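Enquirer: this one's sequence-less:
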């Protein structure tokens, strides 16, 4: 009888422990990020040792041609959101020690460049030995090699999110547009005609202008669309509307419709075209600027329009997060090494759950971060850590230092804790 009573006591204790654990998980979920918007920017250092505000590659931090971005991090960003003037900077934190993938203090490491390997890394924690910018199904290496960059049956974030019952969508500028006289016009096709945008293209609109920069130029780059390189998320080599994966890809114009209708995915990857992401200057310059000054100003102007629109949405206000992400570090002189610790990359978080300001200014995290950190964090937020943290994400600090306590789940069902 005593033995039975003892077992009953143990059973009650176990139930109490389980109840406490479940309550802790529920409390954690009530504070954690629910919806993420990543905005992918291009080819600029946050800080660099020389030519900081001049020359062909300039840094973004404190650059006068990026007034909006710098207002975010210096505490002065203000925008009208739903008719009310809001100090955006109160919801901002940023990284000061975000490095190119595999960078070391001495720079004597493997170099992960150009753009495409970095986008693959952000999706899967590895570049799969891809070191070029080719479209996913474009043969590389000549007719005898016939290598393609499409990756079949590989683990990556979109796949694990789908397995975990979470949704994702890729919004790409300049895709799914109607033609007029054989040329693209800036008019979005009906959704039934949308495709998986497997091939890059550029040119000038037959009619209409870009809503952000006022130019007729367009320039979509598949290399900046990371989910596109995996068979299970691109649907195979099928550029027609019949491709079953086409619903996961949308023209950028659809983002604003989805925000208004509260119909965004859990994870939203947003890629501006190569003019609005800081990659390439418009032919006629921008706001009187040319060269890299124009590149930076074009991207800054884009962000100043898109970020308030996201912040006005229900999805953002209900535990949402915007991450402004740059793909890779760059050489600021012809002979320097962009993969050392003299070069940093921008990473800015905007969220109601961002780390609180310190003395009225956005918090600047000095924790060592990289694309592996973003990937690890997405797996944690969306409970997509099964069967494992992807690639180098297992070694990385997550982004918890940029958020308030509880915004990033401290552990998942596997009990693996954050590394920072």
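Expert: Done, it's in. The structure displayed is predicted, hence computed values, not measured ones.
Enquirer: switch to C-alpha atoms for all contacts and neighbour counts from now on
Expert: Fine.
Enquirer: hang on, isn't residue 40 packed against residue 326?
Expert: Yes: with contact defined as Cα atoms under 8 Å, residue 40 and residue 326 form a contacting pair (5.9 Å).
Enquirer: Please say which of the two ends up with more neighbours.
Expert: Under the criterion of other Cα atoms under 10 Å, the comparison of residue 40 against residue 326 puts residue 326 first, with 26 against 20.
Enquirer: quick one: the more buried one from residue 47, how far?
Expert: Here the distance between residue 326 and residue 47 works out to 12 Å (Cα to Cα, to the nearest Å).
Enquirer: Just give me the residues shared between the contact sets of the two.
Expert: Residues touching both residue 326 and residue 47 by Cα atoms under 8 Å, 6 or more residues apart in numbering: residue 345.
Enquirer: Nearest spatial neighbour of residue 321, chain-adjacent residues omitted?
Expert: Nearest in space to residue 321, with sequence neighbours left out and distances taken as Cα to Cα, 6 or more residues apart in numbering, is residue 351 at 4.5 Å.
Enquirer: what residues are up against that neighbour?
Expert: For residue 351, the contacting residues are 91-92, 316, 319-322, by Cα under 8 Å, 6+ apart.
Enquirer: Among those, name the ones in helices.
Expert: In helices, judged by DSSP state H, the following of these are found: residue 316.
Enquirer: Save the contacts of residue 351 as a markdown table, and put in neighbour count too.
Expert: Listed next are those as a markdown table, based on neighbours: other Cα atoms under 10 Å:
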| residue | neighbour count |
| --- | --- |
| 91 | 23 |
| 92 | 31 |
| 316 | 24 |
| 319 | 19 |
| 320 | 24 |
| 321 | 28 |
| 322 | 22 |
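Enquirer: could the contacts of residue 351 be laid out in CSV, adding distance to residue 355 and pLDDT?
Expert: Converted to CSV, the contacts of residue 351 look like this (distance: Cα to Cα, whole Å; pLDDT from 0 to 100):
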residue, distance to residue 355, pLDDT
91, 8, 98
92, 7, 98
316, 16, 98
319, 13, 98
320, 13, 98
321, 12, 98
322, 13, 98
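Enquirer: gap between the two ends of stretch 236-245?
Expert: The first and final residues of stretch 236-245 sit 9 Å from each other (Cα to Cα).
Enquirer: gap between that stretch and the chain center?
Expert: Its chain's C-alpha centre and that of stretch 236-245 lie 24 Å apart, by Cα atoms, centre = their mean, to the nearest Å.
Enquirer: And stretch 274-287, by the same measure?
Expert: With Cα atoms, centre = their mean, you get 20 Å for stretch 274-287.
Enquirer: rewinding a little: can you flag which of the contacts of residue 351 belong to strands?
Expert: Here DSSP state E is the test, and these give 92, 320-322 as lying in strands.
Enquirer: Pick out whichever of those sits closest to residue 196.
Expert: Nearest to residue 196 out of the ones in strands among the contacts of residue 351 is residue 322 (Cα to Cα; 24.3 Å).
Enquirer: quick one: that closest one and residue 38 touch, right?
Expert: Yes: between residue 322 and residue 38 there is a contact at 5.9 Å, judged by Cα under 8 Å.
Enquirer: what are the ranges of the helices in the stretch 1-150 of the chain?
Expert: 2-31, 67-74, 115-124 (DSSP state H, counting those that start in this stretch).
Enquirer: Next: the stretch 201-350 of the chain.
Expert: Applying DSSP H, counting those that start in this stretch to the stretch 201-350 of the chain gives helices spanning 231-234, 252-260, 291-311, 314-317.
Enquirer: Can I get these in CSV including distance to residue 120?
Expert: Below are those laid out as CSV (distance: least, Cα to Cα, whole Å):
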stretch, distance to residue 120
helix 231-234, 13
helix 252-260, 21
helix 291-311, 22
helix 314-317, 26
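Enquirer: Please identify the most buried of these.
Expert: For these, the largest average neighbour count (mean count of other Cα atoms under 10 Å) is found in helix 291-311, namely a mean of 22.
Enquirer: Just the angle for that helix relative to helix 67-74, thanks.
Expert: Using axes from the mean of the first three to the mean of the last three Cα atoms, to 10 degrees, the inter-axis angle of helix 291-311 relative to helix 67-74 is 60 degrees.
Enquirer: the inter-axis angle of helix 291-311 versus helix 252-260?
Expert: Using the same axes, to 10 degrees: helix 291-311 against helix 252-260 is 30 degrees.
Enquirer: for helix 291-311, packing partners?
Expert: In terms of contacts (3 or more Cα pairs under 8 Å, 6 or more residues apart in numbering; DSSP states H and E), helix 291-311 is packed against helix 67-74, strand 78-81.
Enquirer: Show residues contacting the shortest one.
Expert: Taking Cα under 8 Å, 6+ apart as the criterion, the residues outside strand 78-81 that touch it are 85-89, 308-309, 311-312.
Enquirer: Please apply the same query to the longest one.
Expert: Identification of contacts with helix 67-74 by Cα under 8 Å, 6+ apart yields 61-63, 77, 88-89, 92-94, 300-301, 303-304, 361-362.
Enquirer: Buried ones in stretch 142-151, by neighbour count?
Expert: Along stretch 142-151, these residues count as buried under the neighbour rule (16 or more other Cα atoms under 10 Å): 148-151.
Enquirer: Great, nothing more from me.
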